[in-house]
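Participant: Show me the folded form of this:
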Amino acid sequence: MTSKEIRKSFLDFFASKQHQIVPSAPMVIKDDPTLMFTNAGMNPWKGIILGNDPIKYPRVADSQKCLRVSGKHNDLEEVGHDTYHHTMFEMLGNWSFGDYFKAEAIDFAWEYIVDVLRIDPANLYATVFEGNPEEGLGRDDEAASIWEKHLPKDHIINGNKHDNFWEMGDTGPCGPCSEIHVDSRSAAEKAQVPGRELVNKDHPQVIEIWNIVFMQFNRKADGSLEALAKKVIDTGMGFERLVRTIQGKQSNYDTDVFQPMLKRIGELTGCTYGKDENTDIAMRVIADHIRTIAFAITDGQLPGNEKAGYVIRRILRRAVRYGYTFLNQREAFLYKLVPQLIADMGEAYPELVKQEQQITPVIKAEEEAFLKTLDKGIGLLDKLMSEARKAGKTEISGVDVFTLKDTYGFPLDLTELILRENNMTTNEDEYNKALEHQKEMGRSANKQDLGDWTILAEGETEFVGYDQLECEVRVLKYRKVSQKGKDFYQIVLDKTPFYAEMGGEVGDPGELRMENGEWRIKVIDTKRENGLPMHIVEDLPASFKTQNSKLIATVNAERRQAIACNHSATHLIHNALRAVLGNHVEQKGSLVTPDSLRFDFSHFQKVTPDELRQVERLANELIRADYPLEESRHTPIAKAREMGAMALFGEKYGDDVRVVKYGPSIELCGGCHVGSTGSIGSVRIVMETSVAAGVRRIEAVTAKAAEQVYEQEADTLQQAKDLFNNTKDLVCSIQKLQDELAATKKKLEDMEAAATAEKAKALLSQVKEINGIQVLQLQGEYPANFARDMVPMLKQQFDTERFALVAATQCDGKPALTVYLSQPLVAEGKSAGNMIKTCAKFIQGGGGGQPALATAGGRDVNGLTAAMEEMMKSLTLNA
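Facilitator: Residues are numbered from 1 along each chain as shown. Predicted structure coming up:
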């Protein structure tokens, strides 16, 4: 079976078992503060598992894009070095939400693996939870007894809590799990060591392929366990490992999942997979990482310097670095692999095909930028090695190496390779201490202590904020949260007018108050976590914790209106951009606040001022047309697309969506909007810039904020007119002034040049012959660039003689070095550039130039005398 056939067989099998087959959710997670990426097949179902979302389908199956770069067996730096771990991988999974449980889950797995895929049962092992007396948990005898229907007892292995008790986090749903392992070794190897002794021992041919989690408990904040009201089956089977097993390979990279890509990498680099271990590792790294990079960009996550963007940039740079070091790639090449990736995976994931024109230029630009970083890092490392040698050392500081990695992005292993080539080392203890300090700072900044939920009533939150900004509510539950030394509370209501931050729109603040006015508390923000709207308050009245009276929830109306104006204007700008620039424009991100809007979109060149004016004019025409909001809150996704509604790549949409329409603008959107476009007043674009290759950003303001911009511009214009006696033609007056200034500047420059020439001629009397060289030495206070400006005159007079200008001057406390050498001296092998590079350190500066002319600037005027002495020594040496 091919990999495509295997993927299809899994989905077909579970469809036959009455499972709803759903498409993969995005790999990049946008609206969950606890996760940046989908790192397990269950992530898209967290809301249901936690009881926050309704169960639409009790049985579900899919193939989910996942990304892991940390945690158990998932150190990024190990990917490529073994044969079965990856960053991006596919997770085949089936779920039951309150439907079937252990018996059916195990029987389904067995039927698929043995009857459909025909894996030899003799090669299969199952693990079960051995129990944990400290938690009061016994062995999972129920699962073991079910497995005994299919496997001999010596193929059923007890597993500890680490391997066989799955937990979502420090708190939340959890339960025992049962792993299926396959032994792919030769018969001779199996005869020597039984497979059961190698299960969960990191043997490359005895690997886990499927994990079946039986979620039956809830972990509370105090560590205790309570039974879940609705039990959940959560299974995950690593697609790449499964294909390897079915195709009888010893490595995931030997399967048809990776072989076409490895072949293409070989064609581009001139390398052959399987010939050299270092080359093979590099090719595996690249084959793995290109999938992660492309899928992340497809899902809307561009490489960057923060959070998820930093993770993707780090993965991309690791691929570039392996190509640079082991495949001799000195120019961008990863982007050339995108067509091969689409050929391999485009059928299963059509979003790759649709986003090819976005993926390719982003990768290319990132590669080119990092290659420049590598060149700069090598220069910095050369300097560190040179300084160490001069000090008689063969070891460079671990702190300096960490700075190279952390500040300049220069990889540690490349640093170590260059050091080895130069018979040098780094202080690993210093490096590790610096790294651990950085990690600890990150952990401290992100650490959050969550209390247990105090449940006052059962139910789900209904959002009523599209229609009303105030309503009666009851509290369902609340909990205390501690972060960065501050305490606050999260409150969940039975219904709410507060919009919880999502889709780029910030959350609503407001207040909760008792009906009788006994107390009121300020809601400082509304966030969404695992699909649950949480109202953030800094404190709770004592009575709040002991009763569940009706409350009045009120949104800050003025702030909401400003947000709605900006969000609706975002849609109008999107529509206008497509009209002016073309239908290739697609939304790549947005931020809607009460103060402004930010809109990122695909476009491959700077938007011209004229195009921006057209966009703004068209958006304002739509505002003046006062199109009413036409809203459809429960539209089937297929019908919404037929209507022409624009969806955002990387967003997770349900079967039913909300369509927001203003005249020609139709989008899928769950945010808050104005009743008609006329309410916006006007929109003013205040900035257009680049975010990444092929992605532009517009920032704009609306309503009162737009009026303020117009007023500021009018005030500035009037102030300028006042400076020109209220002239009728301001542009003409400014141009006239600029012309006059340019003429005056030219006169001053001519006067300075003449003065410099006169002063230079006077200095020629100070030329002295030293070791057969005519030398003019300059020291003391001189105008900036004075020495350099003398060079044309000196060249005209002395260029056929053995002549040198050596200057160590200062101007306004800033030191400068200048060396000019005539052609005969250059022909003898002397170099002004080398002299300057050697002596710039005396003035704590840097510089360079050509063999005939070089300069340097610095910070320490006290080093000028030493610099002059060193330059003269270098000049006259072997003269």
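
Participant: Would you mind listing the buried residues in stretch 617-633?
Facilitator: Neighbour counts over stretch 617-633 (16 or more other C-beta atoms under 10 Å) mark 618-620, 622-623, 627, 629, 632 as buried. (Each C-beta comes from the backbone N, C-alpha and C, glycine too.)

Participant: Equivalent analysis for stretch 469-488, please.
Facilitator: Using 16+ other C-beta under 10 Å as the test for burial, stretch 469-488 gives 469, 471, 473, 475-480.

Participant: which among those gets closest to T292?
Facilitator: R479 (35.0 Å; C-beta to C-beta).

Participant: sorry, back to before: okay, and which of the buried residues of stretch 617-633 map to strands?
Facilitator: S632 (DSSP state E).

Participant: could the buried residues of stretch 617-633 go into a markdown table alongside distance to A854 and pLDDT?
Facilitator: Shown next, in a markdown table, are the buried residues of stretch 617-633 (distance: C-beta to C-beta, whole Å; pLDDT from 0 to 100):
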| residue | distance to A854 | pLDDT |
| --- | --- | --- |
| L618 | 55 | 98 |
| A619 | 54 | 97 |
| N620 | 56 | 97 |
| L622 | 60 | 97 |
| I623 | 60 | 97 |
| Y627 | 66 | 97 |
| L629 | 67 | 97 |
| S632 | 70 | 91 |
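
Participant: and the residue nearest the centre of the chain, what does it touch?
Facilitator: Of all residues in the chain, the one closest to the mean position by C-alpha atoms, centre = their mean is G309, 0.8 Å from it. By C-beta atoms under 8 Å, 6 or more residues apart in numbering, the contact list for G309 reads 301-303.

Participant: hmm, back to that, now, which of the buried residues of stretch 617-633 lie within helices?
Facilitator: Judged by DSSP state H, these include 618-620, 622-623 as members of helices.

Participant: Count the residues that sit near the closest residue in space to L11 that isn't next to it in sequence.
Facilitator: Using C-beta to C-beta, 6 or more residues apart in numbering and skipping the chain neighbours, the partner closest in space to L11 is I21 (5.1 Å). As a burial measure, I21 scores 15 neighbours (other C-beta atoms under 10 Å).

Participant: cool, N200 as well?
Facilitator: With other C-beta under 10 Å as criterion, N200 counts 18.

Participant: The residue nearest to L11 and K405: what is the separation?
Facilitator: 44 Å (C-beta to C-beta, to the nearest Å).

Participant: just N160 next, same as before
Facilitator: 36 Å.

Participant: Same check on Y466?
Facilitator: Y466 is 49 Å from K405, by C-beta to C-beta.

Participant: In terms of neighbours, single out the busier of these two.
Facilitator: Set Y466 next to K405 and count neighbours by other C-beta under 10 Å: K405 wins out with 18 against 15.

Participant: isn't the more buried one right up against T415?
Facilitator: Yes. Contact criterion C-beta atoms under 8 Å: K405 and T415 qualify, at 7.3 Å.

Participant: low-confidence ranges in the stretch 701-850 of the chain?
Facilitator: For the stretch 701-850 of the chain, no stretch is flagged by pLDDT under 70.

Participant: ok, which stretches of the stretch 301-450 of the chain are strands?
Facilitator: Using DSSP state E, counting those that start in this stretch, the strands of the stretch 301-450 of the chain run over residues 395-396, 425-426, 448-450.

Participant: can you check the stretch 51-200 of the chain too?
Facilitator: 59-67, 88-97, 124-129, 156-159, 165-167, 172-183.

Participant: Can you add mean neighbour count, distance to P636 and mean pLDDT and give those back as TSV?
Facilitator: As requested, the strands of the stretch 51-200 of the chain are exported to TSV (neighbours: other C-beta atoms under 10 Å; distance: least, C-beta to C-beta, whole Å; pLDDT from 0 to 100):
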stretch	mean neighbour count	distance to P636	mean pLDDT
strand 59-67	23	18	95
strand 88-97	25	22	95
strand 124-129	24	41	97
strand 156-159	19	44	96
strand 165-167	19	35	92
strand 172-183	23	31	94
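
Participant: In a markdown table: those strands, plus distance to A692.
Facilitator: Listed next are the strands of the stretch 51-200 of the chain as a markdown table, based on distance: least, C-beta to C-beta, whole Å:
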| stretch | distance to A692 |
| --- | --- |
| strand 59-67 | 19 |
| strand 88-97 | 20 |
| strand 124-129 | 45 |
| strand 156-159 | 45 |
| strand 165-167 | 37 |
| strand 172-183 | 35 |
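
Participant: before we move on, back to that, pull the contacting residues for the residue nearest to L11.
Facilitator: 11, 14-15, 60-62.

Participant: Try it again at 10 Å.
Facilitator: The neighbourhood of I21, defined by C-beta atoms under 10 Å, 6 or more residues apart in numbering, consists of 10-12, 14-15, 57, 60-63, 94.

Participant: Between the contacts of G309, which sits nearest C669?
Facilitator: Looking across the contacts of G309 and measuring by C-beta to C-beta, the closest to C669 is Q301, at 20.1 Å.

Participant: Check the gap between the closest one and I315 for me.
Facilitator: Q301 is 11 Å from I315, by C-beta to C-beta.

Participant: which residues do these two both contact?
Facilitator: 67, 293.

Participant: Specify the local secondary structure of the nearest residue in space to C672 that is not next to it in sequence.
Facilitator: Leaving out its chain neighbours, the residue that sits closest to C672 by C-beta to C-beta, 6+ apart is A564, at 4.8 Å. With DSSP: H, G, I helix; E, B strand; the rest coil as the basis, A564 sits in helix.

Participant: What about A564, how many residues nearby?
Facilitator: 24.

Participant: ok, now S397?
Facilitator: 17.

Participant: so what's it up against?
Facilitator: Taking C-beta under 10 Å, 6+ apart, one finds 384, 387-388, 403, 426-427, 430-431, 434 in contact with S397.

Participant: how about A40, secondary structure?
Facilitator: coil.

Participant: That one contacts R68, correct?
Facilitator: Yes. Assessed by C-beta atoms under 10 Å, A40 is found in contact with R68 at 8.3 Å.

Participant: before we move on, the earlier item: need phi/psi at the residue nearest to L11.
Facilitator: phi -90, psi 120 (degrees, to the nearest 10).

Participant: beta partners for it?
Facilitator: Following DSSP bridges, I21 is listed with bridge partners A61.

Participant: how much space between it and F108?
Facilitator: The gap separating I21 from F108 is 14 Å, by C-beta to C-beta.

Participant: what do you get for A308?
Facilitator: For A308, the distance to F108 - C-beta to C-beta - is 34 Å.

Participant: Identify the farthest-apart pair in the buried residues of stretch 617-633.
Facilitator: Across those, the longest distance by C-beta to C-beta is 26.1 Å; it joins N620 and S632.

Participant: so A61 sits right up against Q20, yeah?
Facilitator: Yes. Counting by C-beta under 10 Å, A61 touches Q20, with 7.4 Å between them.

Participant: which residues are common contacts for these two?
Facilitator: With C-beta under 10 Å, 6+ apart as the test, A61 and Q20 both reach 14, 95.

Participant: low-confidence ranges in the chain?
Facilitator: 31, 70-75, 442-447, 545-548, 648-652, 879.

Participant: same for the host helix or strand of D750, what does it pack against?
Facilitator: In the assignment (DSSP states H and E), D750 maps to helix 730-763. Here helix 730-763 touches helix 703-723, strand 773-781, helix 786-798, going by 3 or more C-beta pairs under 10 Å, 6 or more residues apart in numbering; DSSP states H and E.

Participant: now those as JSON lines including mean neighbour count and distance to I209?
Facilitator: Formatted as JSON lines, these follow (neighbours: other C-beta atoms under 10 Å; distance: least, C-beta to C-beta, whole Å):
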{"stretch": "helix 703-723", "mean neighbour count": "13", "distance to I209": "56"}
{"stretch": "strand 773-781", "mean neighbour count": "16", "distance to I209": "77"}
{"stretch": "helix 786-798", "mean neighbour count": "17", "distance to I209": "70"}
